[in-house]
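> task: produce atomic coordinates for the following.
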Amino acid sequence: MVSTRLPPKHDGADPAPMLRHWREAVPHDRLAHLVKDATRAMVRGLQLRLTQYDVSFGHWAFLRILWEKDGLTQKELSDEAGVMASTTFTAVTAMEKLGYVKRRHSPGNKRNTYVHLTAKGRALKKKLVPLAEEVNEVGVAGLTPSEVEIARKVLFVIIENMAKDEAESQDPARRIPSTREMGSLIAARGEERDGD
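Below is the predicted model of the structure:
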């Protein structure tokens, strides 16, 4: 059975409507919807906790990467985060204003901009990582360690299968267009409709 309506919005106070939606209204809905809602719930749980340190979820993603690999170029940071270069530029600019990172050019190479954590950005790790660990603990409460391991295995296989599907795609139309390409496609379709 496929859902024809979105699950009720959840304001954080009462999970019953969301749970009722999944258990009663669409118990056999597509796995992708369930994964999306689980992700959304965990992201929301982390964002609620990050707010006390004035860190957005978007910044969290970049900080996590830099805590492991400080001094990446903005392009490398975009690739690691799986986001567009413009998204990275905007986030790094904001994080620089907050004092979490500094951008630098290496001597002899003015083309690449390298992103380095400041002491303030590095210090956030001790405060923020426990919050993410807490969200994970809340998320798996009531599951046995073996159930958590099965869930991890299932999700890894899904990720691998989808990555393989994308990599093996021979159809040039089955790819993610750049933001600029998407804008052109939308504009062209709008012009086609106006001409009808």
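> CA only for contacts and neighbour counts going forward, please
Noted.
> quick one: which helix or strand includes residue 128?
According to DSSP states H and E, residue 128 maps onto helix 119-139.
> outline the domain layout of this structure.
The chain breaks down into these domains under automatic domain parsing: 16-143, 144-196.
> okay, buried residues for the helix or strand containing residue 38 please.
Assigned by DSSP H and E, residue 38 belongs to helix 31-50. Neighbour-count burial for helix 31-50, counted by 16 or more other C-alpha atoms under 10 Å, picks out 41-42, 45-47, 49-50.
> state the mean pLDDT of the following helix or strand past it.
Note on helix 31-50: by DSSP H and E, the next helix or strand toward the C-terminus is helix 57-68. Average pLDDT, helix 57-68: 95.
> run through who's touching the helix holding residue 128.
42, 45-46, 49-50, 63-64, 67, 99-101 (C-alpha atoms under 8 Å, 6 or more residues apart in numbering).
> what's the farthest-apart pair in those?
Spatial extent of the contacts of helix 119-139 (C-alpha to C-alpha) is set by the pair 42 and 99 at 26.7 Å.
> check residue 121 and give its pLDDT.
97.
> no, scratch that, I was asking about residue 28
At residue 28, the model reports a pLDDT of 65.
> just residue 33 next, same as before
So residue 33 comes in at 83 (pLDDT).
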